[in-house]
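Novice: Quick one, structure for this:
(3 chains)
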Amino acid sequence: MNENMKQTDLALLQALCGVFAPSGNEVAMKDFLIEYVEKKSAQWKVRPDLIHGTAFQDCLILKFGKPRTAVFAHIDSIGFTVRYENQLVPIGSPEAEDGYVLEGQDSMGPIQCKLKVQDRHLFYDFGRGIETGTELVFQQDFRETDDFVQSCYLDNRLGVYAMLKLAETLEDGLIVFSCGEEHGGGTVPFLCKYIYEQYAVKQALVADITWVTEGVQHGGGVAISMRDMSVPRRSYVDRILKLAEQSGIPYQIEVERSGGSDGREIHASPYPIDWCFIGAPEDHVHSPDEIVHKKDIQSMIDMYVYLMQNL
Amino acid sequence: MNENMKQTDLALLQALCGVFAPSGNEVAMKDFLIEYVEKKSAQWKVRPDLIHGTAFQDCLILKFGKPRTAVFAHIDSIGFTVRYENQLVPIGSPEAEDGYVLEGQDSMGPIQCKLKVQDRHLFYDFGRGIETGTELVFQQDFRETDDFVQSCYLDNRLGVYAMLKLAETLEDGLIVFSCGEEHGGGTVPFLCKYIYEQYAVKQALVADITWVTEGVQHGGGVAISMRDMSVPRRSYVDRILKLAEQSGIPYQIEVERSGGSDGREIHASPYPIDWCFIGAPEDHVHSPDEIVHKKDIQSMIDMYVYLMQNL
Amino acid sequence: MNENMKQTDLALLQALCGVFAPSGNEVAMKDFLIEYVEKKSAQWKVRPDLIHGTAFQDCLILKFGKPRTAVFAHIDSIGFTVRYENQLVPIGSPEAEDGYVLEGQDSMGPIQCKLKVQDRHLFYDFGRGIETGTELVFQQDFRETDDFVQSCYLDNRLGVYAMLKLAETLEDGLIVFSCGEEHGGGTVPFLCKYIYEQYAVKQALVADITWVTEGVQHGGGVAISMRDMSVPRRSYVDRILKLAEQSGIPYQIEVERSGGSDGREIHASPYPIDWCFIGAPEDHVHSPDEIVHKKDIQSMIDMYVYLMQNL
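Specialist: Take a look at the predicted model:
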């Protein structure tokens, strides 16, 4: 494939980044994905089964062929909840800078307000009061250059986008769209239970966004993480690294002390499922200005296509 | 119903608050409840099945009819463990003020001693040494005015009391008395497993005590929490708020950044069970002087009766 | 038995402490144990079933007769992961002093380097760069006096050693060798699931190392913990203490506010399994100089033999 993203792909990524789905309220993302898959999957190599419903809350699983490996991509985003008066409390760990534009809706209508930060406390600035419990998210400002894509919520709509590209040619595997990752998780445990009990799947990959550091740079390829706050099983990570080397696809090795993902919950679940985090690096994490190199997006997609065939 | 609590009800609440049951040692509360239910349930609308035994540790489940929803009420309390010499370590997060009277028992007999606080370390002051590992709890000083009830351990004996009032007319549902909530939990995971596998229950409510804040006040009605440290699923909370509105029963909406309950463990369990915290607000939390408005007690009971019928 | 350890036993303990098995990479310890058990168990009172394989990751269960109780002993150790350049990040919570000798291996060959500590950041000092992701552990310096044994990784190879001694005469029970304990756990949940579903085991003991304090001293006997950061169920701990008293074996009662073990994960699992921590106290915890009194080692073995017969 070409490093320059097709306009249709770019439009898809932009649309994904614009869906309102803070942790705990992912219905719109689930509906978007179901509609997209139902419309597009006729042209895919294999048409997947769609698994969802009350036993899955707002999660969605795509089942292709005979799965050996599951990829987890979370569909929720960070945001803010309106407390009392003009106070806000964070959903997940958003960057909070004075003047960021926030959007949402309550029973009185649509909202577009400004974030105010005073003594590390968060407030909104708006012409009227907003109903207690209303969720607000960053206003989208989608930007593209020759090399970069920039928007709020590339974390993790880019992971979701990579999964939809993977889905076009996937023959065997599970794509698991999880909820709540940005705010303490909660859906991965029952998703693990399902995939292990139904399909005996013991291999997982986590398609999510990591951060640019001194060791993982823009344009160097998708990051394969040997550890973050959790330490995955070395023998599994070694198998993945060996395949990555064989693939010829550019990648970077990541080692961190902190940071977590759906991998943490797979690790802690009562199912013996191995996991490894694989995702593009970004800068300005959890802000309206998340930025990712196009080469790393392509490398992420290519790596998932290769690994899901060979792992 | 009348806002003035009946004297029999008040006596029940006082008795509940006086049972010795720090986290990890809830046998006396379980026995109290079993005896109470066996004696009283003949007059209830539906006589529940009592589910308990070694597979439930010191927990107790009351099963009424065909359950769609489970209410969790924890039966343990905060307290203190005797360490070495005259040192104490907390069970849960008790308020610790110099001079609080503590009670317990070791092999040498009953204990009534005073709490001493020095440089944030905790000690007891007593005429003799107390055996290592002995648990101490606040001495009860039950007080009543026209508007308020005050005692140690309204958190969560008031939740337990509300469940026993709910039980009188409940037709379909589970009342789940859990253990260990004040000190890291541990019983909710296997309780979730049981109620999901046996009854396919996917709806939970958490009957516990919250705190008075600028947004949740004494006498304003039971608090329905849209979030605390955990964010429950929005679509479920919205259904509850809609029913609460229809009910005509006074209630207050709570939004907090911190604080946890059995809801946190329901959220993290490998079962797709929705949850929402609903409980009366109190002041002087985790002290011997916990205080709750009688209107909020009545509103809590009424709301549970309504929701268990309509959810 | 004699307080002076036999030379063959000492050699076994030394060998165990020398196996490379930082959290996440316990394959060598699993292989060591399987080989040892296959070679030695013909002389044991009961020859156990060995349970392992992909559904158990790198864990190993020894099943003797009709198990009522499971003992958990973790086989992983603390260590360090090489990050970028000459940086290190900890695996678990190692003591980190300037000059400690670390060992490991990467694709370029064996490594023996020195730990450097600057402004609480960790680095290695070595003649060449070490590959990102390489794990390093303390170099072993095994020491013995009349009263003490000293080495890195007595935590928890001493627990493993005690289990291998227990195994010689055990008739009914499970010995569960777990992984990842030093770094957030992750295997105990699926091990609990297995032992509860296969054998309905509801009683667990945790064979691990604790620390010398004002209340638990070298030579006073194995420590039986009434609590640490988690509070186990009092009625279960009381049964164990009663048996310990009957046994005539020296022991010490521990009460702590902090500290955790595999017990924390047994507690939090969705299975109603009681647990109690029982292990020898050591000083210089998580350093290359961990030291334990020989009397406490013998008392730990004797206590496990007694409890597994009588619990």
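
Novice: Which stretches in the stretch 101-250 of chain A count as helices?
Specialist: For the stretch 101-250 of chain A, helices defined by DSSP state H, counting those that start in this stretch occupy the ranges A:154-167, A:188-199, A:234-247.

Novice: tell me which strands and helices the first one is in contact with?
Specialist: Counting contacts by 3 or more Cβ pairs under 8 Å, 6 or more residues apart in numbering or on different chains; DSSP states H and E, helix A:154-167 is packed against helix A:7-17, helix A:27-40, strand A:69-74, strand A:173-178, strand A:281-283, strand A:291-293, helix A:294-310. To be clear about C-beta, it is placed using only N, CA and C from the backbone, and glycine gets the same treatment.

Novice: now do 6 Å
Specialist: Other elements packing on helix A:154-167 under the criterion 3 or more Cβ pairs under 6 Å, 6 or more residues apart in numbering or on different chains; DSSP states H and E are helix A:7-17, strand A:69-74, helix A:294-310.

Novice: For that helix, what is the distance to the chain centroid?
Specialist: On the basis of Cα atoms, centre = their mean, to the nearest Å, helix A:154-167 sits 7 Å off its chain's mean C-alpha point.

Novice: What of the last one?
Specialist: Averaged C-alpha coordinates place helix A:234-247 at 22 Å from its chain's average position (Cα atoms, centre = their mean).

Novice: re the thing from before, ranking the helices and strands packed on helix A:154-167 by burial, who's on top?
Specialist: Of all those, strand A:69-74 has the most neighbours on average by mean count of other Cβ atoms under 10 Å in any protein chain shown, namely a mean of 27.

Novice: For the next helix-or-strand element following that strand, name the packing helices and strands.
Specialist: Once the chain leaves strand A:69-74, the next helix or strand it forms, by DSSP states H and E, is strand A:79-82. Strand A:79-82 is packed against strand A:87-91, strand A:135-138, with contacts defined by 3+ Cβ pairs under 6 Å, 6+ apart.

Novice: With just CA atoms, put the last one into CSV.
Specialist: Extracted C-alpha coordinates of strand A:135-138, given in CSV (Å, rounded to 0.1, in the frame of the first residue of the first chain):
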residue,chain,number,x,y,z
GLU,A,135,-20.6,14.5,29.5
LEU,A,136,-18.3,16.8,27.5
VAL,A,137,-15.6,15.9,25.0
PHE,A,138,-13.0,17.8,23.0
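
Novice: Residues of chain A that sit close to chain C?
Specialist: A:214-215, A:226-227, A:230-231, A:233-234, A:253, A:255, A:257, A:267-268, A:270-272 (Cβ under 6 Å from any Cβ of the partner chain).

Novice: Cross those residues against strands and list the overlap.
Specialist: The strands in this structure, assigned by DSSP state E, contain A:226-227, A:253, A:255 from these.

Novice: And for the longest strand anywhere in chain A, what's in contact with it?
Specialist: Of all the segments assigned as strand in chain A under DSSP E, the longest by residue count is strand A:109-118. Among residues not part of strand A:109-118, those counted as contacts by Cβ atoms under 6 Å, 6 or more residues apart in numbering or on different chains are A:96, A:98-100, A:102-104, A:123-126, A:130.

Novice: sorry, back to before: out of the helices and strands packed on strand A:79-82, which one sits most buried?
Specialist: Stretch with highest mean neighbour count among these: strand A:135-138 (a mean of 25; mean count of other Cβ under 10 Å).

Novice: packing partners for it?
Specialist: Using 3+ Cβ pairs under 6 Å, 6+ apart, the elements in contact with strand A:135-138 are strand A:79-82, strand A:101-106.

Novice: Including mean neighbour count, could those go into JSON lines?
Specialist: Written out in JSON lines, the entries for those read as follows (neighbours: other Cβ atoms under 10 Å in any protein chain shown):
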{"stretch": "strand A:79-82", "mean neighbour count": "26"}
{"stretch": "strand A:101-106", "mean neighbour count": "18"}
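
Novice: Now mean pLDDT too, for those strands, in JSON lines please.
Specialist: Converted to JSON lines, the helices and strands packed on strand A:135-138 look like this (pLDDT from 0 to 100):
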{"stretch": "strand A:79-82", "mean pLDDT": "98"}
{"stretch": "strand A:101-106", "mean pLDDT": "98"}
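
Novice: Let me have these in a markdown table, adding distance to A:Glu290 as columns.
Specialist: Supplementary listing: the helices and strands packed on strand A:135-138 in a markdown table, determined by distance: least, Cβ to Cβ, whole Å:
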| stretch | distance to A:Glu290 |
| --- | --- |
| strand A:79-82 | 14 |
| strand A:101-106 | 15 |
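
Novice: Any idea which of these gets closest to B:Gly18?
Specialist: When the helices and strands packed on strand A:135-138 are compared for distance to B:Gly18 using Cβ to Cβ, the nearest one is strand A:79-82, at 38.3 Å.

Novice: Paired strands for the closest one, with orientation please.
Specialist: Strand partners for strand A:79-82, identified by DSSP bridges, are recorded as strand A:87-91 (antiparallel), strand A:135-138 (antiparallel).

Novice: can these go into TSV with extra columns for mean pLDDT?
Specialist: Formatted as TSV, the strands paired with strand A:79-82 follow (pLDDT from 0 to 100):
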stretch	mean pLDDT
strand A:87-91	98
strand A:135-138	98
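
Novice: Make JSON lines out of the ones you listed and add distance to B:Glu26.
Specialist: JSON lines is the format used below for the strands paired with strand A:79-82 (distance: least, Cβ to Cβ, whole Å):
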{"stretch": "strand A:87-91", "distance to B:Glu26": "33"}
{"stretch": "strand A:135-138", "distance to B:Glu26": "37"}
